[in-house]
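In: fold the stuff below for me.
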Amino acid sequence: MKSLPVDNLGFVEIGGVGEMIYKAVRFPSYQLDSDDRGDYIKPSFIPILDVLTPKYGTDYGLTGQELLANLCNLYAELNHPDCEMPVNLGIYGWCRENVHPYDMDELIESLETMYSGDVASLGMYDIITKDALFYIDDFVKDLCALGTVFEYYFALEQVRKGNVVAGRELYYEGRMCDSLPLLEKYRNCRDDEYLEQVNADYDYLIGCILDMIPEFKMRLKQDKETGTIMFGADTKSIFDISWYAFARMVADVAPLADEDLNYMQSASSILTCISCGKYFVRHSSRQIYCSRPECQAERNKRKSKAYYNRKKNGGHGNGAS
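Out: I've put the predicted structure just below:
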């Protein structure tokens with residue numbers, strides 16, 4: 001009997017490839033220094049003082065999408081032509097507030113060895129701080145590679161929803177690198193022509209993104225803490241995790257839409273806060289503000305004003321979150 005042709009199975013059909021829960025290391029502090037190769041950052045901690053020891057293990061509090069949004073916000077801030085913050089200080093601050101960027105699995109193994117006995121093995125301190133050292137130039141290179149492609153993808157999807165301004169504002173000369181000029185050829189088109197040309201060229205434009213997303217080595221993994229087995233990508237850095245989360249976004253073929261909002265995106269999508277303009281992960285179908293205190297204050301202010309106006313006019317309704 002002649003066999004039927006079999007198409008490649010996508011992740012949705014295979015199953016088990018979900019949002020990534022990953023291992024993370026958080027050092028209490030870092031040091032900035034330099035050598036012949038350039039500026040670098042290395043962790044600093046006190047092995048025997050509990051409040052200043054590293055925290056490590058499976059991270060259930062920061063998803064791959066949230067990590068992607070955080071890194072792209074860092075890229076947007078540091079690469080802005082008007083930003084005056086030194087790049088090395090921006091990266092230093094991000095690592096202190098978030099997670100260590102590289103070699104999480106290896107560092108966790110070393111930290112587990114260090115704290116395997118009743119008393120911390122002080123001889124491991126120099127090994128860990130040396131292994132965890134990373135150069136600013138390497139971080140910037142990885143950040144720009146991720147940030148430029150995500151920025152382009154986000155603008156392209158906004159244009160597809162009718163926001164031509166997002167496409168026209170995409171290209172600029174940044175402090176660390178220039179943004180991608182793939183939409184520049186439409187700049188002089190009228191808005192209707194702009195949309196028509198982008199839609200006509202969409203396969204090519206999205207194909208450029210597919211070519212720039214790195215390949216992933218996939219394998220079965222087991223979470224030692226929970227025993228859960230899942231099919232996931234091998235990741236050695238926060239950038240690997242973010243690329244993986246980004247690839248899952250691009251691969252989604254049927255996201256939910258909120259037809260009652262102009263800001264049409266599904267829950268668990270990355271969008272920009274209408275108050276501060278930063279990327280954030282949406283956790284409800286009506287959320288249009290990020291969780292930053294100042295943005296929530298703005299949300300509450302607008303919500304109160306809208307409520308007052310509805311009461312004044314005898315109306316009812318709920319505000320967006």
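In: quick one: low-confidence residue ranges for the stretch 51-200 of the chain.
Out: 60-61, 118-120 (pLDDT under 70).
In: need the helices for it, in chain order.
Out: Taking DSSP state H, counting those that start in this stretch, the helices of the stretch 51-200 of the chain run over residues 64-79, 87-97, 104-114, 124-131, 136-160, 164-168, 191-200.
In: give me the distance from the longest one to the chain's centre.
Out: Once both centres are worked out by C-alpha atoms, centre = their mean, to the nearest Å, helix 136-160 turns out to sit 10 Å from its chain's centre.
In: burial measure for Glu109, as a count.
Out: Other residues lying near Glu109 total 12 when counted by other C-beta atoms under 10 Å. Where you see a C-beta, it was placed from the backbone N, CA and C, and this is true even at glycine.
In: against Leu49, how distant is it?
Out: Noted for Glu109: a distance of 22 Å to Leu49, by C-beta to C-beta, to the nearest Å.
In: which residues does the spatially closest residue to Val51 that is not a sequence neighbour contact?
Out: Using C-beta to C-beta, 6 or more residues apart in numbering and skipping residues adjacent in sequence, the residue nearest Val51 is Pro28, 7.7 Å away. The neighbours of Pro28, taking C-beta atoms under 8 Å, 6 or more residues apart in numbering as the test, are 44-45, 51-54.
In: just flag the most distant two among those residues.
Out: Longest distance between any two of these is 13.6 Å, between Ser44 and Val51; criterion C-beta to C-beta.
In: what sits closest to the residue nearest to the spatial centre of the chain if chain neighbours are left out?
Out: In the chain, the centroid-proximal residue (C-alpha atoms, centre = their mean) is Leu68; its distance is 0.6 Å. For Leu68, ignoring the flanking residues on the chain, the nearest one in space by C-beta to C-beta, 6+ apart is Ser242 at 4.2 Å.
In: surely that neighbour meets Thr63?
Out: No - Ser242 is not in contact with Thr63 according to C-beta atoms under 8 Å; the separation is 10.6 Å.
In: these two: which is more packed in?
Out: A direct count of neighbours by other C-beta under 10 Å for Ser242 and Thr63 places Ser242 higher, at 26 against 18.
In: can I assume Arg219 sits in a strand?
Out: Yes - looking at Arg219 with DSSP: H, G, I helix; E, B strand; the rest coil, it is inside a strand.
In: now for it, how many residues are close by?
Out: Residues near Arg219, counting by other C-beta under 10 Å: 9.
In: from Tyr22, how far out is the closest residue to it other than its chain neighbours?
Out: Computed as C-beta to C-beta, 6+ apart, the closest residue to Arg219 that is not its neighbour in sequence is Asp234, at 6.3 Å. In this view, Asp234 and Tyr22 are 11 Å apart by C-beta to C-beta.
In: quick one: average confidence on stretch 303-311?
Out: When pLDDT is averaged over stretch 303-311, the result is 65.
In: ok, stretch 249-260 next?
Out: 51.
In: end-to-end on stretch 282-292?
Out: Using C-alpha to C-alpha, to the nearest Å, one end of stretch 282-292 lies 13 Å from the other.
In: for the residue nearest to Arg37 when sequence neighbours are not counted, give me its contacts.
Out: In space, and not counting its chain neighbours, Arg37 is closest to Tyr135: 6.3 Å by C-beta to C-beta, 6+ apart. Applying C-beta under 8 Å, 6+ apart, we find Tyr135 in contact with 37-40.
In: ChimeraX command for the buried members of the residues you listed?
Out: In ChimeraX, a selection of the buried entries from the contacts of Tyr135 looks like this (16 or more other C-beta atoms under 10 Å):
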select :39,40
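In: which two of the contacts of Tyr135 have the greatest separation?
Out: Longest span within the contacts of Tyr135, C-beta to C-beta: Arg37 and Asp39, 8.8 Å.
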